[in-house]
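> Could you work out the structure for the sequence below:
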Amino acid sequence: MDRTILHCDLNCFFASVELLSLPRLRKLPVAVCGDPASRHGIILAKNERAKGFGVKTAETVWQAKKKCPELVLVPPHHQRYREYSKKVNAIYLRFTDLVEPFGIDESWLDVTGSLHLFGGDPVALADHIRDTVRRELGLTLSVGVSFNKVFAKLGSDYRKPDATTRIGRDNWRDLLYPLPVGSLLYVGRAAEEALGQYGIRTIGQLAGVDRGLLLERLGKLGGQLHDYANGHDPSPVRPWHQKETVKSVGNGTTFPRNLTTLDQVRAGTALLSDSVAMRLRRQGLYCGGVQVTLKDPQFRVISRQKQLARSTHLMREIQAAAMELILSAWKPPSPIRLITVTAIHLTEEGETYCQTDLFADPEGERRQQRQEKLEQAMDAIRGKFGHDAIAFGRPGERKGGGTLP
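Next up, the predicted model:
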């Protein structure tokens, strides 16, 4: 029997929460930004009216003002967003105990076992949840209804704002095959570019390509994305109070072209380290070690790992350790086909360790604290608008437009 999974996504969450206390601004274009007084501040969120002017997340205030001179800017209140996130999830828990948050404003609900208690119609239940959230909290959400988590998320993205979309066994190919492959969960910019190298630009094309080819070209991720595009996603919705047991957090990719220069390797390692660090912070984890795996075009594999002086969940520190390991095992221009960066020796937040250093550098500690704040701010943007909303500068990019192969 198919499961019934809902994916609930709050519409323009940061901006919508701000407008609850600023009702006079509801008919105006409004954006939330880190520093309203600075033209170089970054747009964190915008309401539907601002979106209509083309205002985008992560662009600068001056860029947004150029598109919409009447744009009203308000500062963020992250504690308030966390409070409303808890309130919304408390509503979801009235309908099932299988509620798994995905960022601050999204959650999956598995209502397979409780659907009969609410009339048995999943679309009607989704509409009821939307009405409840609107009536009690003044917020709107879009809901995807499907038989797995990946398609349920595609459903919540399919029609916005304040809508319910059902993606079932009878219509999923018609609805999803024409969509850009980048719409699929976990297809980030790098994966989308890699798939584009082989003419794969839609979910339908991804579903139709040979799975073995994707495994060969993109590794495990290629096979996973092929499964998703064909409707195969058995991953469960975790109960609200159950944390996933994690022994390591890693990310690897097979590059469209072999890497042969230090800049290329550094850029590729930065992308992977950023992904690993973000996932560590999302799960409240720190790593005490880093492991790197390299594969050349002849499929020879080299693996190295090291213990860190102190546990971390910061991209810059993970990347530095990864590059140290790579340089100990690789000399340019020997080609690299695949790189995997893995965080190991994981500990819960609050259980971090640090080796005693009698000659600790106070300025180094301050730099580490600044980096912590920077990466937490990036998490907030990505949690609302997706991983590609903001990124670290890539050493491998060139001013003329050249990028990592």
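
> From the contact counts, what lies against the host helix or strand of residue 302?
Assigned by DSSP states H and E, residue 302 falls within strand 301-312. Counting contacts by 3 or more C-beta pairs under 8 Å, 6 or more residues apart in numbering; DSSP states H and E, strand 301-312 packs against strand 285-295, helix 315-329, strand 336-348. Every C-beta, even on glycine, is put in place using the N, C-alpha and C of the backbone.

> In a markdown table, list these along with mean neighbour count, distance to residue 191 and mean pLDDT.
What follows is the helices and strands packed on strand 301-312, written out as a markdown table (neighbours: other C-beta atoms under 10 Å; distance: least, C-beta to C-beta, whole Å; pLDDT from 0 to 100):
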| stretch | mean neighbour count | distance to residue 191 | mean pLDDT |
| --- | --- | --- | --- |
| strand 285-295 | 21 | 17 | 93 |
| helix 315-329 | 19 | 18 | 95 |
| strand 336-348 | 20 | 14 | 92 |
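
> Can you check which of those gets nearest to residue 263?
helix 315-329 (11.6 Å; C-beta to C-beta).

> How about the contacts made by the spatially closest residue to residue 333 that is not a sequence neighbour?
Excluding the flanking residues, the one nearest residue 333 by C-beta to C-beta, 6 or more residues apart in numbering is residue 260, at 4.1 Å. Contact analysis of residue 260 by C-beta atoms under 8 Å, 6 or more residues apart in numbering lists 332-336.

> and which of those is nearest residue 34?
residue 336 (37.1 Å).

> Pull the contacting residues for that closest one.
Residue 336 makes contacts with 255, 258-260, 265, 294-296, 330, as judged by C-beta under 8 Å, 6+ apart.

> what residues are up against residue 258?
Taking C-beta under 8 Å, 6+ apart, we find residue 258 in contact with 297, 335-337, 405.

> so the helix or strand hosting it versus strand 285-295, what angle?
Per DSSP H and E: residue 258 is located in strand 249-259. Compare the direction of strand 249-259 with that of strand 285-295 by axes from the mean of the first three to the mean of the last three C-alpha atoms, to 10 degrees and you get 30 degrees.

> Send over strand 249-259 as PDB, restricted to the C-alpha atoms.
The C-alpha trace of strand 249-259 is given here as PDB (Å, rounded to 0.1, in the frame of the first residue of the first chain):
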ATOM      1  CA  VAL A 249      28.600  13.100   7.100                       C
ATOM      2  CA  GLY A 250      30.100  13.100   3.600                       C
ATOM      3  CA  ASN A 251      29.700  14.400   0.100                       C
ATOM      4  CA  GLY A 252      31.400  13.300  -3.000                       C
ATOM      5  CA  THR A 253      31.100  14.000  -6.700                       C
ATOM      6  CA  THR A 254      32.400  12.700 -10.000                       C
ATOM      7  CA  PHE A 255      33.400  15.700 -12.000                       C
ATOM      8  CA  PRO A 256      32.300  16.200 -15.700                       C
ATOM      9  CA  ARG A 257      36.000  16.700 -16.600                       C
ATOM     10  CA  ASN A 258      39.100  15.600 -14.700                       C
ATOM     11  CA  LEU A 259      40.700  18.000 -12.300                       C
END
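
> Quick check: buried residues in that strand?
249-256, 259 (16 or more other C-beta atoms under 10 Å).

> immediately after that strand, which helix or strand?
helix 262-282.

> what mean pLDDT does that following helix have?
The average pLDDT within helix 262-282 is 91.

> Show me what counts as buried in it.
Judged by neighbour count (16+ other C-beta under 10 Å), helix 262-282 contains these buried residues: 262, 264-282.

> What is it packed up against?
When contacts are defined as 3+ C-beta pairs under 8 Å, 6+ apart, helix 262-282 packs onto strand 249-259, helix 315-329, strand 336-348, helix 362-385.

> Report the strands that pair with the shortest one, each with its relative direction.
When you say that, I think you mean strand 249-259. Applying DSSP bridges, strand 249-259 is found paired with strand 336-348 (antiparallel).

> Would you mind getting the angle between the partner strand and helix 262-282?
30 degrees.

> so how far is strand 336-348 from its chain's centroid?
18 Å (C-alpha atoms, centre = their mean, to the nearest Å).

> Could you do stretch 298-314 as well?
23 Å.

> do the same with stretch 11-21
With C-alpha atoms, centre = their mean, you get 21 Å for stretch 11-21.

> Helices of the stretch 1-150 of the chain, residue ranges please.
Counting by DSSP state H, counting those that start in this stretch, the stretch 1-150 of the chain has helices at residues 13-20, 48-52, 61-67, 78-92, 122-137, 149-158.

> any chance of the ones you listed in CSV, with mean pLDDT too?
Below are these laid out as CSV (pLDDT from 0 to 100):
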stretch, mean pLDDT
helix 13-20, 96
helix 48-52, 95
helix 61-67, 92
helix 78-92, 95
helix 122-137, 98
helix 149-158, 97
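
> re earlier: which two among the buried residues of strand 249-259 are spaced furthest apart?
Greatest spatial distance among the buried residues of strand 249-259 (C-beta to C-beta): 249 and 256, at 24.4 Å.

> what's the distance between residue 176 and residue 19?
Here residue 176 is placed at a distance of 32 Å from residue 19 (C-beta to C-beta, to the nearest Å).

> try residue 232
40 Å.

> neighbour count winner among those two?
residue 19 (21 against 11; other C-beta atoms under 10 Å).

> Check the gap between the more buried one and residue 129 for me.
For residue 19 relative to residue 129 (C-beta to C-beta), the value is 21 Å.
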